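*Asks:* Generate coordinates for the sequence data below:
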Amino acid sequence: MIFVADLTLVWLTIRALRGAGTALIFDRYAYDALVQLRHQEACGEGFFRRWSRLIPRPDLAFLLRTGPEVAHKRRPEYTIEECASKAGLYTLMAERIGFCVVDAENEKRAREEVRGILAYAERNW
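*Replies:* Coordinates of the predicted model:
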């Protein structure tokens, strides 16, 4: 229920500000909740697929993909196996929704890719 309520608030915010010349920046918002539900097996693949289609699609989004060891260092409350599982779910969602996926293992290349994404955003908005 919390996931649905959160998603409803996001939809209402987008609806209220659409066309108002306002840029909306979200940090993962509903995606995290959906990945967590799927990871904990609180929802099946059908639920995951349906709701990932209902989440508002951003005009521009990117996923910084790291190895499970890096993610574990950042979030030690999760095991390396949990980090690997969640990384797979985020990658799956990114492919379905059309995120740019940046491999953050090579820091120099990742920085260049993110600069390119931001330059694209500046040119087009």
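*Asks:* Output stretch 51-62 as PDB, nothing but the C-alphas.
*Replies:* The C-alpha coordinates for stretch 51-62 follow below in PDB (Å, rounded to 0.1, in the frame of the first residue of the first chain):
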ATOM      1  CA  TRP A  51       4.100  -1.700 -12.000                       C
ATOM      2  CA  SER A  52       7.300  -0.900 -13.800                       C
ATOM      3  CA  ARG A  53       5.100   0.100 -16.800                       C
ATOM      4  CA  LEU A  54       2.900   2.300 -14.600                       C
ATOM      5  CA  ILE A  55       5.700   4.200 -13.000                       C
ATOM      6  CA  PRO A  56       6.000   7.600 -14.700                       C
ATOM      7  CA  ARG A  57       8.800   7.400 -17.300                       C
ATOM      8  CA  PRO A  58      11.400  10.200 -17.000                       C
ATOM      9  CA  ASP A  59      12.500  12.200 -20.000                       C
ATOM     10  CA  LEU A  60      16.100  11.400 -19.000                       C
ATOM     11  CA  ALA A  61      17.400   8.800 -16.600                       C
ATOM     12  CA  PHE A  62      20.600   6.900 -16.000                       C
END
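*Asks:* Going by neighbour count, list what's buried in it.
*Replies:* For stretch 51-62, a neighbour-count test (16 or more other CB atoms under 10 Å) marks 51-52, 55, 58, 61-62 as buried. Quick note: C-beta positions are derived from backbone N, CA and C, even for glycine.
*Asks:* Repeat that for stretch 95-113.
*Replies:* Buried residues in stretch 95-113 (16+ other CB under 10 Å): 97, 99, 102, 104, 110, 113.
*Asks:* State the distance from the fourth one to residue 80.
*Replies:* What that stands for is residue 104. 17 Å (CB to CB, to the nearest Å).
*Asks:* Likewise for the fifth one?
*Replies:* When CB to CB is the yardstick, residue 110 and residue 80 sit 21 Å from each other.
*Asks:* Give me the pLDDT value at residue 30.
*Replies:* According to the prediction, residue 30 has pLDDT 69.
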